[in-house]
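Student: Structure here, sequence nowhere to be found:
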């Protein structure tokens, strides 16, 4: 009696959908009695009818609601799998053969050019080609090993035009810090400037470079680290002397190996055997050691007689 009253309050379309769902299940039961087997077509019909019916759970008798929900997920995946397969593979039209040959020719004749450089050159010719496409057609032409000039090769080729600078921190008899600043020429391993201070400010470091490059005499490149002591005033002197400042990578002391080697020799051969009394005392010690280093001490780079400015 309660079910009839509830059905009286439902819309005609809802009752028709429920009847269709029940009829579909009866059709299945008529085919097999033991365990109903539904085709994908039958499952799709039941999923479609249940999606339009609010009380679809109460109208199910031959399968569980979770089974119907699983069918819905399987059908959803099946539809999208077929749509994905229908899409054209690759998503891009193949490049014309003349463009491919041009890309390969540019890569073959310019082994140091990467995909981005080749792309830029092609843009000059009003040919827009994706970087990934260039990499695809030049993959077999890539050289094994580094494609550009190494840091060691750069230093060897331009040693006569490169200076390097760095700081060495030491301590006096009262354990107060004193800093040694040094500028060294790479080709002859010659120390061109050295000084000491207790307060290595940006202005002080800028003045040291200014003294080391009088009348515009200086290198083309200056290697330094990323210390905050090299501030705006120091950079102003660098720009005024027309020097290119080369910053070494973080935690890469080998990038400034010449300065590191000299400072290590200064510490091992001299400062480790001295008791520093004052700033003046340290300046005298390092000046005498630099004179010995430049004029008498043998090292791999060879020495050129000279004095500290």
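Tutor: Here it is on my side, so go on. Computed from a predicted model, the values in this text were never measured in an experiment.
Student: Okay, domains of the chain per the record?
Tutor: Following automatic domain parsing, the chain resolves into domains at 2-86, 97-141, 153-295.
Student: most packed of those?
Tutor: Of the domains of the chain, the one with the most neighbours on average (mean count of other C-beta atoms under 10 Å) is domain 153-295, at a mean of 16. For glycine as for every other residue, the C-beta is placed from the backbone atoms N, C-alpha and C.
Student: avg pLDDT for that one?
Tutor: For domain 153-295, mean pLDDT is 92.
Student: Checking residue 218 next. Helix, strand or coil?
Tutor: Here residue 218 is coil, with the state taken from DSSP: H, G, I helix; E, B strand; the rest coil.
Student: Can you name the residues that contact it?
Tutor: Listed by C-beta atoms under 8 Å, 6 or more residues apart in numbering, the contact set of residue 218 reads 163, 212, 241-243.
Student: Mind checking which of these are in strands?
Tutor: Applying DSSP state E to the contacts of residue 218, the entries found in strands are residue 163.
Student: Save the contacts of residue 218 as TSV, and put in distance to residue 283 too.
Tutor: Below are those laid out as TSV (distance: C-beta to C-beta, whole Å):
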residue	distance to residue 283
163	21
212	16
241	24
242	30
243	25
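Student: quick check, nearest of the contacts of residue 218 to residue 63?
Tutor: Nearest to residue 63 among the contacts of residue 218 is residue 243, at 82.4 Å by C-beta to C-beta.
Student: From residue 204, how far out is that closest one?
Tutor: 18 Å (C-beta to C-beta, to the nearest Å).
Student: Equivalent analysis for residue 66, please.
Tutor: Taken as C-beta to C-beta, the span from residue 66 to residue 204 is 79 Å.
Student: can you check residue 244 too?
Tutor: From residue 244 to residue 204 the distance is 22 Å (C-beta to C-beta).
Student: what does residue 248 give?
Tutor: As judged by C-beta to C-beta, residue 248 and residue 204 stand 21 Å apart.
Student: next one: residue 40
Tutor: From residue 40 across to residue 204, the span is 83 Å (C-beta to C-beta).
Student: Could I get the contacting residues of residue 226?
Tutor: Listed by C-beta under 8 Å, 6+ apart, the contact set of residue 226 reads 247-248, 250.
Student: at 7 Å instead, please
Tutor: For residue 226, the contact set (C-beta atoms under 7 Å, 6 or more residues apart in numbering) comprises 247, 250.
Student: Next, it: secondary structure please.
Tutor: Applying three-state DSSP: residue 226 is coil.
Student: Against residue 249, how distant is it?
Tutor: Going from residue 226 to residue 249 by C-beta to C-beta gives 9 Å.
Student: Just the strands from the stretch 151-300 of the chain, written as ranges.
Tutor: Using DSSP state E, counting those that start in this stretch, the strands of the stretch 151-300 of the chain run over residues 162-171, 177-185, 190-197, 221-224, 244-247.
Student: Can you check what angle separates the second one from strand 190-197?
Tutor: Taking axes from the mean of the first three to the mean of the last three C-alpha atoms, to 10 degrees, one finds strand 177-185 and strand 190-197 inclined to each other by 160 degrees.
Student: With the first one instead?
Tutor: Between the direction of strand 162-171 and that of strand 190-197, the angle (the same axes, to 10 degrees) works out to 40 degrees.
Student: Contacts for strand 162-171, please.
Tutor: So strand 162-171 is contacted by 155, 177-186, 192, 200, 219, 221-225, 227, 229, 256, 258-259, 263, 266-267, 271, 276 (C-beta under 7 Å, 6+ apart).
Student: just the fourth one next, same as before
Tutor: Surrounding strand 221-224, the residues in contact under the criterion C-beta under 7 Å, 6+ apart are 158, 161-165, 230, 238, 243-248, 256.
Student: try the second one
Tutor: With C-beta under 7 Å, 6+ apart as the test, strand 177-185 has contacts from 163-172, 190-198, 200, 205, 208, 212, 258-259, 262-263, 276, 279, 282, 286.
Student: Same check on the last one?
Tutor: Contacts to strand 244-247, defined as C-beta under 7 Å, 6+ apart, come from residues 220-226, 235, 238.
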